[in-house]
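Peer 1: Mind looking at a prediction? Sequence and model below.
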Amino acid sequence: MPRYRVVDPDQNVIDEKEFADDTKAYDWFKTVEVPDDALGYAMEVDMDGKWTRFEINDGGTNTSPAADEGTGTP
């Protein structure tokens with residue numbers, strides 16, 4: 001199962017978890033406690049031993065879960 005982590009702008013790891021798919025990981029990323037106006041917090045995924053940037057926050061807060069693909073509903 002893929003491993004994801006959240007890092008702050010200084011590349012310190014805030015939290016780390018495993019998820020079966022990107023959608024669940026993205027929903028988790030939106031629940032990690034970071035200041036609402038903070039920029040530069042990122043989610044990374046471990047791709048064959050190398051951490052790759054998956055998502056980065058823009059300083060806004062969107063706590064809505066991602067929609068299921070194909071249905072348009074959460």
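Peer 2: Arrived safely. Numbering: from 1, shown residues only.
Peer 1: C-alpha from now on. contacts and neighbour counts both.
Peer 2: OK.
Peer 1: Could I have the CA atoms of the helix or strand bottoming out on mean pLDDT in the chain written out in CSV?
Peer 2: Here the helix or strand of the chain ranked lowest by mean pLDDT, DSSP states H and E is strand 50-56, holding a mean of 85. Extracted as CSV, the C-alpha positions of strand 50-56 are listed here (Å, rounded to 0.1, in the frame of the first residue of the first chain):
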residue,chain,number,x,y,z
LYS,A,50,11.7,8.1,-3.5
TRP,A,51,9.4,10.8,-2.0
THR,A,52,7.5,12.7,-4.8
ARG,A,53,5.4,15.8,-4.3
PHE,A,54,1.7,14.9,-4.7
GLU,A,55,-0.2,18.0,-3.5
ILE,A,56,0.6,21.4,-1.9
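Peer 1: now the helices: where do they sit in this structure?
Peer 2: 22-29 (DSSP state H).
Peer 1: residue ranges with poor pLDDT in it?
Peer 2: Applying pLDDT under 70 to the chain flags the ranges 35-37, 57-74.
Peer 1: starting at the chain centroid, how far to stretch 19-30?
Peer 2: 6 Å (Cα atoms, centre = their mean, to the nearest Å).
Peer 1: So for that stretch, what gets flagged as buried?
Peer 2: For stretch 19-30, the neighbour count (16 or more other Cα atoms under 10 Å) marks 25-30 as buried.
Peer 1: Repeat that for stretch 38-49.
Peer 2: 41-46.
Peer 1: Kindly check the end-to-end length of that stretch for me.
Peer 2: Using Cα to Cα, to the nearest Å, the end-to-end distance of stretch 38-49 comes out at 28 Å.
Peer 1: and it, how far out from the chain's middle?
Peer 2: Averaging C-alpha positions (Cα atoms, centre = their mean) puts stretch 38-49 7 Å from its chain's average.
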